[in-house]
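Q: My questions are about this predicted structure, shown below with the sequence.
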Amino acid sequence: MRNGFYFKLAASNLKRNAKTYFPYLITCVVSIMMYEMVCALGQNPQLATMAAGDSMQSLLGFGSFIVAVFSVVFLIYTYSFLMGRRQLEFGMFNILGMEKRHIARIMVYESLLTLLVSLTCGLLLGMALNKVMFLVIVKLLNGTVQFGFDFSFSAVVSTILLFTFIFFVNYLNALRVVHLASPVELLHRSHYGQKEPKSKWLMTLIGIVCLGIGYYISLTTTNPLGAFGMFCIAVLLVMLGTYLLFTAGSITLLQFLKHRKKYYYQTSHFISISGLLYRMKQNAAGLSNICILSTMVLVILSTTCSLWFGIEDSLYRRYPSEFVLTMNDDELTDARLAVVDDILAGEHLSVDKTTYHYLAFTGMLDGSHFVTDRSEFSMNQISRIYNLFLVDLKDYNAAMGTNAYLADNEILLYCNRGHYGPDTLDISDYHFIVKEKLDHFIDNGNAAADIATTLFIVVPDQSIIDALYTYQLTAYGENASQIQLYEGFDTQLDDEANLALYDKLTAALGDSEGDIVESRTQSRQSYISLYGGLLFIGIFLSVLFIMATIIIIYYKQITEGMEDRDHYIIMQKVGMDQSMVKKAIHSQILTVFFLPLVVALIHLLFAFPIIKGLLLLFSFSNTTLYLQCALICFVIFALAYTGIYALTSKTYYHIVKMN
Amino acid sequence: MTLLQVQNVKKIYLTRFGSNKVEALKDVSFRVEQGEYVAIMGESGSGKTTLLNILAALDKPTSGQVILDGQQLNTIQERHLASFRRENLGFVFQEFNLLDNFSNQDNILLPLVLSGYKVDEMEKRLMPLAKELDIADLLKKFPYEVSGGQKQRIAVARALIHEPKLILADEPTGALDSRSTESLLNLFGRINGRGQTILMVTHSTLAASHASRVLFIKDGEVFHQIYKGHRSNEEMFLRIQETLTLLSTGGGLHA
């Protein structure tokens, strides 16, 4: 009977706080649904058997980890907001004679009820959508679907475990709040008032510096090899900078404006500056979260979309020809090439082959000096690591159909990323003079795939390549490179025939170690799997982040609505007409609301160079495509964001009730 | 010279679904002369707040009219109302109604800023007023940092800064302790002394005893009035109390 009483009280508490609890419940349901889905997909036995399904699965595993971390952080954040608002209520219970242990008991029921409802809804929705998502993935991977209901028991179990854990942590938090709530505090609360926020020059300065360095890193990173590490540093700096500028910078700026009397004491500025000061004080953290989440959504969506839509582009860069054979250039090479020719002849194929010898090895570029001294390698010089790709003039002219001429110490040079400055190049005892910097070169997919920048060099004679081979052999020992033979050709066959030919070539050549046969058609599948997986995860996470954005905004509107109501009434009483007040409040809300979006756009723009570098790692270099994707993603996101605003501001005006 | 003229003002409220009519003001008429200090007394529900709202042009009478300095309030266009109120009326409320996100100085200057005054002009008006009201030290502070009595003086300064024709005060001592009440009433006496017209709604006998005339409202009508004449505050206090006793016991004492 008594339990029934507590249960009823808990249920009616939830109902009474519906305005704030309902969004929390939705957040729980969506998080549970997402987590269950990504887990179940990751363990889907059908997916495992599909071509390239394994890389998709490992991506999904990674995705489920991110969803889990995000759920923990976000649900705890949301719940503590709810508890903060209920402090008064607990104090009231206290005054009415309820002991803290009674309240704690009510909270148990509340938590259990919420957990039960959200787990039921979330798991059911998750299982239902799971099938849809699976079909989407199968479509992405061009696989075939076997119909049937997949039920992943372990996914359900891990979902229940994770969210029970989150709810337990939240319950502990609730206990803390209940414990802290005191009736005396309740009585004194209205006297607190809000302190006017002070300018924080130091924090602002640090924020500016962080943001500046972050942007600078992005703008100056030209070498994709360093891009990834630098990207992480830049992201952290920009996040910190965003946070500081939202919390401290905005207030410092507003205080500065406030102290300029001529500016401040104007009707429109007067109301909005002091209004914004308090809004920023309360919302800065939430706003910077929104801004960071928005930036993440934009970066994730624009990059994964670019990769997905640029698959063909990347494939053609990585595999300039339908077939690419790379083999060590030794005494057996001719025999192996003959085998290839035999197979092609057997298929009645006459192909146009590009064949050349090359030597590629890695070293450090010191000005115009290329060194192979390993002792000088260290991580902070990562951007100085270059590949050297040497071809002799005869092969070059043959492959490119040119008729270039080089004197003894002259070279042609092509740099595949960035720009090589000097007009000379020193390697070993050679002092080369760059006769011409080329703007394109013989295609070589391996260099496109390599994260280090490659210097392509045409030397006058084969003997120089041989000499440099010996030179790097001495320096690198067993890690040294071999002189390679490259042969690429296109066939006019359909996909199936290409795959069959690929199997034949691999069977014939695959037994010796240095021989590599690559086929564009054969690789396409793994590209689709990888990039499709990335796109899928990208969209998945974006949905999650957008949901988080909505929730933060919604709670922000509620809090503000409550506080603005009083101000609104007073301002009317002292001689502002309604439309004036409405305009003033509206413009403040707009400023506060769209500031994160604008800042996110600025972040995205500044991130462009470093993202370009990162995409190069995926042999993606179609800048136009990236810009298109980014633009479309931004427009869609901005529209969604505005939609969220329209919806939540309804709640706001409902609270303020502009009569 | 008559500053404010209230003629046969009647106000009827409709209840939520329009089924019941509540007559808040039956038929109220009175005049306030330039430089007068008038208190309006009445019990809760007598219609004093309704009357004040109508005088403040926050509400419109069902019939009858209010004329302030020759201007009929109900002929003023909606969009000019706020600025009319700002420039001709000064308000002092029971709950002060200061904005917490403005410093005291900015609270006082608010009406001037809304009317688009220049900074020099604002400062020229602010300083003498702040000295007169003894709030010069409080200007940089915020409303939540000062006491109730100080808050009310800030609110008075805000009401006076526009040099309004009429000050409307709604229970100005209602939230104050006895010492602050005394000092506020003395302040009202002083500003009235330099020619400022004040109309105050109150149910505090003490507050009303400072006024030069007291109007009594009962059941939506002006029931009685007392002129102070040459009486002292204490004598006035006793007269008011007598009248109130008579009023509540139902005596008829029409002026």
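A: Done, it's in.
Q: Which helix or strand in the chain has the lowest average pLDDT?
A: Picked chain A for this. Across the helices and strands of chain A, the lowest-confidence element by mean pLDDT, DSSP states H and E is helix A:183-188, at a mean of 61.
Q: My question was about chain B, not that one.
A: For chain B, judged by mean pLDDT, DSSP H and E, that is helix B:78-88, with a mean of 83.
Q: Contacts for that one, please.
A: A:574-577, A:579-580, B:56-58, B:68-69, B:71, B:76, B:111, B:114-115, B:162, B:164-166 (CB atoms under 8 Å, 6 or more residues apart in numbering or on different chains). Just so you know, the C-beta spots here come from the backbone N, C-alpha and C atoms, and that holds for glycine as well.
Q: Among those, name the ones in helices.
A: Among the contacts of helix B:78-88, DSSP state H puts A:579-580, B:111, B:114 in helices.
Q: for the stretch 51-200 of chain B, what spans make up the helices?
A: B:78-88, B:104-114, B:119-132, B:148-160, B:178-193 (DSSP state H, counting those that start in this stretch).
Q: Spell out which parts of the stretch 551-659 of chain A neighbour chain B.
A: A:567, A:570-571, A:573-577, A:579-580 (CB under 8 Å from any CB of the partner chain).
Q: Give the buried residues for the host helix or strand of residue A:35.
A: Using DSSP states H and E, residue A:35 maps to helix A:18-42. Within helix A:18-42, the residues scored as buried using 16 or more other CB atoms under 10 Å in any protein chain shown are A:20-21, A:23-42.
Q: what's the answer for stretch A:624-643, then?
A: Neighbour-count burial for stretch A:624-643, counted by 16+ other CB under 10 Å, picks out A:625-626, A:629-630, A:633-634, A:637-638, A:641.
Q: Check what contacts that stretch and list those residues.
A: A:294, A:297-298, A:301-303, A:305-306, A:309-310, A:313, A:546, A:549, A:597, A:601, A:604, A:608, A:611-612, A:615, A:620.
Q: Give me the buried subset of the residues you listed.
A: The buried subset of these - by 16+ other CB under 10 Å - is A:294, A:297-298, A:301-303, A:305-306, A:309-310, A:313, A:546, A:549, A:597, A:601, A:604, A:608, A:611-612, A:615, A:620.
Q: hang on, the earlier thing: just put the ones in helices among the contacts of helix B:78-88 in a markdown table and tack on pLDDT and neighbour count.
A: A markdown table is the format used below for the ones in helices among the contacts of helix B:78-88 (pLDDT from 0 to 100; neighbours: other CB atoms under 10 Å in any protein chain shown):
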| residue | pLDDT | neighbour count |
| --- | --- | --- |
| A:579 | 75 | 12 |
| A:580 | 75 | 19 |
| B:111 | 87 | 24 |
| B:114 | 84 | 22 |
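Q: Show me which pair in those residues is furthest apart.
A: Greatest spatial distance among those (CB to CB): A:579 and B:111, at 17.4 Å.
Q: if we can go back for a sec, quick one, the least confident helix or strand of chain B and helix B:104-114 angle?
A: Angle of helix B:78-88 versus helix B:104-114, following axes from the mean of the first three to the mean of the last three CA atoms, to 10 degrees, is 130 degrees.
Q: Can I get helix B:78-88 in CSV, CA atoms only?
A: Output in CSV follows, covering the C-alpha atoms of helix B:78-88 (Å, rounded to 0.1, in the frame of the first residue of the first chain):
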residue,chain,number,x,y,z
GLU,B,78,-2.2,53.0,-29.2
ARG,B,79,1.4,53.5,-30.6
HIS,B,80,1.8,56.8,-28.9
LEU,B,81,0.5,55.6,-25.5
ALA,B,82,3.9,54.3,-24.3
SER,B,83,5.7,57.5,-25.0
PHE,B,84,2.8,59.6,-23.7
ARG,B,85,3.0,57.6,-20.4
ARG,B,86,6.7,58.0,-20.3
GLU,B,87,6.7,61.8,-20.8
ASN,B,88,3.7,62.8,-18.7
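Q: Quick check: buried residues in it?
A: Neighbour-count burial for helix B:78-88 [16+ other CB under 10 Å]: B:81-88.
Q: same check, this time on stretch A:456-466
A: A:456-460, A:462, A:464-465.
Q: Now the terminal residues of it, how far apart.
A: 16 Å (CA to CA, to the nearest Å).
Q: returning to that earlier point: and the average pLDDT for the helix holding residue A:35 is what?
A: The average of the pLDDT scores along helix A:18-42 is 87.
Q: can you check stretch A:552-567 too?
A: For stretch A:552-567, mean pLDDT is 77.
Q: Show me what it is in contact with.
A: Outside stretch A:552-567, the residues that reach it (CB under 8 Å, 6+ apart) are A:19-20, A:23, A:78, A:81, A:275, A:279, A:282-283, A:286-287, A:289-290, A:293, A:585, A:589, A:593, A:644-645, A:648-649, A:651-657, B:99, B:101.
Q: Give me the three-state assignment for the spatially most central residue of chain A.
A: Per CA atoms, centre = their mean, the C-alpha nearest to the average position across chain A is that of residue A:300, at 3.7 Å. Secondary structure, DSSP: H, G, I helix; E, B strand; the rest coil: residue A:300 is helix.
Q: picking that back up, show the buried residues in the residues of the stretch 551-659 of chain A next to chain B.
A: Burial by neighbour count, 16+ other CB under 10 Å: within those this picks out A:567, A:570-571, A:573-577, A:580.
Q: what's the closest of the residues you listed to residue B:214?
A: Using CB to CB, residue A:573 comes nearest to residue B:214 of those, at 25.2 Å.
Q: out of everything not next to it in sequence, what's closest to that closest one?
A: Closest residue in space to residue A:573, ignoring its immediate chain neighbours: residue B:97 at 5.6 Å, by CB to CB, 6 or more residues apart in numbering or on different chains.
Q: residues contacting the one you found?
A: Residues in contact with residue B:97 (CB under 8 Å, 6+ apart) are A:570, A:573-574, B:91, B:155.
Q: now the helix or strand encompassing residue A:635 against helix A:18-42, angle please.
A: Using DSSP H and E, residue A:635 falls within helix A:623-656. Here helix A:623-656 runs at 150 degrees with respect to helix A:18-42, directions being taken by the same axes, to 10 degrees.
Q: Distance from helix A:623-656 to the middle of the chain?
A: Counting by CA atoms, centre = their mean, to the nearest Å, helix A:623-656 is centred 19 Å from the centre of its parent chain.
Q: mean confidence score for that helix?
A: Taken as a whole, helix A:623-656 has an average pLDDT of 86.
Q: Need the CA coordinates for the longest strand seen in chain A. CSV is fine.
A: Ordering each strand of chain A by length in residues (DSSP state E) puts strand A:353-366 first. Output in CSV follows, covering the C-alpha atoms of strand A:353-366 (Å, rounded to 0.1, in the frame of the first residue of the first chain):
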residue,chain,number,x,y,z
LYS,A,353,50.3,-0.7,-71.7
THR,A,354,52.2,2.0,-69.7
THR,A,355,55.4,0.5,-68.5
TYR,A,356,58.3,2.0,-66.6
HIS,A,357,61.0,1.3,-64.0
TYR,A,358,61.1,3.4,-60.9
LEU,A,359,62.9,3.6,-57.6
ALA,A,360,61.0,5.1,-54.7
PHE,A,361,62.4,5.6,-51.2
THR,A,362,61.7,7.8,-48.2
GLY,A,363,63.9,10.4,-46.6
MET,A,364,64.0,13.8,-45.1
LEU,A,365,64.1,17.0,-47.0
ASP,A,366,66.3,19.6,-45.5
